[in-house]
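Asker: Let's see this in three dimensions:
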Amino acid sequence: MTHYDLARVAAALITSASNELQVQRVYLLLENNFPDLHQERLLESVKKSVERPPADNFESLLTTLPTAEGDMIEPEELVETTGPKAPRRSKDGFYLANSFDEFIEVMSTPEARLAIVNLPDLLKHKYSKIVSQIPMSNGQDNPVMMYRLAEFLTEEGIKVRCTAKLPKGSQKPQEESLEELQKEMDSGALDPLTLAARRAQADASPVNEVVEEVERPYPNLMSPDPLMDSRDVLDLPPTPTNPYHNRVTVRNHHSMFHEALALDGFNFDDDKWKPIRTDLSEEEIRPAELAGLGRDYPLDKLFSFTLLTRWVTQQTGKGKIKHFQTFTVTGNGNGMVGLGMGTAEEAAGAYNKAAVAALKNMDYIDRFEDRTIWTEMETKFGATKIVMRPRPVGFGLRCGPVMHQILKAAGIKDISAKVWGSRNPIMIMHATLRMLQGGHNPLGMGDGIGGRGKRLHKGIGMRTAYDVERERGRKLMDFRTG
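Answerer: Modelled structure (predicted):
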């Protein structure tokens, strides 16, 4: 059955429904039996079909729908009733119900409505729970729960006899006690029938969407809470030397978690108690999570290169302590690049720290035609001087190995660069990134709190097309074809 046919059948059933319970049941069956379909689109189609029915008002479609065959009562056993929707009755005065639809007809009678309305809250909760368990996910009715509903209605003065066949080997489920039902009501959770009705109402009118399905009592701020209002009160009665009554209140003296454990009966004096180790303590934390990018961030689509790995030594009073230090550059090959440094006792730990730092330091660089820089640039970092020049299409990267990895991760394809003076790779890394990334502190503004800015944050960085046009006094045009 196609999406359009299913929407028309649902609209026909809703149009022919005699009460609100049958409408809610149609929405519930759509949600339980067709979870693979787009629910919002399906409900929108049903709504349109109900608002604009065909000329015959779905009569031709309703006549072709299959009906469930059950045990039929002989005509001579029935008592004639009036009304087109009147439920069937036997000679001894019992209502006869073979399906859930016939149970709905019985419960729609005036005497049944009056009896259900006058039920206590506990029995109403029991009644709603039984009714919500009759429709099954396969579209059929649960005969065992229908028999239980007939027994419940008979006990409340509505004589109902279920005539559905019980499957072979079926056992009557264990009935919950009134104490269990009372605990379930006191928990504040809504019964399944009310949840189904609210869900159907929200699907029919998305504007009035139900946000919370669990009703919780509003806290009374005037009454003390044993956990949130933790305090110790010390009363000092009058003494012969002091005629006044004093009271000292100490708040948050004990942890609320200790008080919660005490209320649960935890024994703090138990020497044999050991903390329970769960899988969460052994769970691997990915570098993307440490960088704040989310657990499922596609790190495999990024370019990551280890530029330098070396030993560093820390001189302490106990001697020299050696560590591994790693420099890593990470970029997406399309204008995002970052440099990270990590130091640890093991090489793997240093690499992980450098990878996380590089992800955190990733920043956008401005490129001309997404392949080169806008104009010739130069900078001096310490004793290292770097000159970069833009090149035409297909020129490639003609520079040193350290700059080559950085430019490749940044997505620059055509450039020539020359390093003068010191060729220290660490100086080359910082100078290159300072030219590509402008730094988060403007030139001459210091560190933002009245102090001097860091040397890495100086310089104008990569100039944009707007900056070049302002300096030259003319507009840049792209003459590349193809």
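Asker: quick one: low-confidence parts of the stretch 1-150 of the chain?
Answerer: 1-5, 18-19, 21, 31-39, 52, 54-86, 137-139 (pLDDT under 70).
Asker: again, only this time at 80
Answerer: 1-93, 100-101, 103-104, 107-108, 110-143 (pLDDT under 80).
Asker: The stretch 201-350 of the chain too?
Answerer: 201-232, 251-260, 263, 275-288, 294-296.
Asker: What are the boundaries of the helices in it?
Answerer: Ranges of helices in the stretch 201-350 of the chain, per DSSP state H, counting those that start in this stretch, are 256-263, 287-290, 347-360.
Asker: Strands of the stretch 301-450 of the chain, start to end?
Answerer: For the stretch 301-450 of the chain, the strands defined by DSSP state E, counting those that start in this stretch occupy 303-316, 319-331, 336-344, 363-364, 377-381, 384-390, 397-398, 415-421.
Asker: closest one to residue 96 among these?
Answerer: strand 336-344 (73.0 Å; C-beta to C-beta). Yep, even glycine has a C-beta here, placed from its N, CA and C like the rest.
Asker: how about the helices of the stretch 201-350 of the chain in JSON lines, adding distance to residue 24 and mean neighbour count?
Answerer: Formatted as JSON lines, the helices of the stretch 201-350 of the chain follow (distance: least, C-beta to C-beta, whole Å; neighbours: other C-beta atoms under 10 Å):
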{"stretch": "helix 256-263", "distance to residue 24": "41", "mean neighbour count": "12"}
{"stretch": "helix 287-290", "distance to residue 24": "43", "mean neighbour count": "17"}
{"stretch": "helix 347-360", "distance to residue 24": "50", "mean neighbour count": "20"}
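Asker: any chance of the ones you listed in TSV, plus distance to residue 114?
Answerer: What follows is the helices of the stretch 201-350 of the chain, written out as TSV (distance: least, C-beta to C-beta, whole Å):
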stretch	distance to residue 114
helix 256-263	45
helix 287-290	60
helix 347-360	68
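Asker: wait, which of those helices is closest to residue 51?
Answerer: Per C-beta to C-beta, nearest to residue 51 of those: helix 287-290, 47.6 Å.
Asker: What distance do you get for the nearest residue to residue 100 once chain neighbours are set aside to residue 87?
Answerer: Once flanking residues are discounted, residue 100 sits nearest to residue 141: 4.5 Å by C-beta to C-beta, 6 or more residues apart in numbering. Between residue 141 and residue 87 the distance, using C-beta to C-beta, to the nearest Å, works out to 16 Å.
Asker: same question, residue 124
Answerer: Residue 124 is 22 Å from residue 87, by C-beta to C-beta.
Asker: again, but for residue 53
Answerer: Following C-beta to C-beta, the distance that separates residue 53 from residue 87 is 27 Å.
Asker: Ok, residue 333 next?
Answerer: Counting by C-beta to C-beta - residue 333 and residue 87 are separated by 72 Å.
Asker: do residue 263 as well
Answerer: Taken as C-beta to C-beta, the span from residue 263 to residue 87 is 53 Å.
Asker: The closest residue to residue 353 other than its chain neighbours: what's it in contact with?
Answerer: Take residue 353 and drop its neighbours on the chain: the residue closest to it by C-beta to C-beta, 6+ apart is residue 342, 2.8 Å away. Residues in contact with residue 342 (C-beta atoms under 8 Å, 6 or more residues apart in numbering) are 325-326, 328, 349-357.
Asker: Out of those, which is nearest to residue 291?
Answerer: Using C-beta to C-beta, these come closest to residue 291 at residue 356, 5.2 Å.
Asker: Can you pick out the residue with more neighbours from residue 124 and residue 87?
Answerer: Shown here are residue 124 and residue 87; by other C-beta atoms under 10 Å, residue 87 has more neighbours (19 against 16).
Asker: Right, I'll leave it there.
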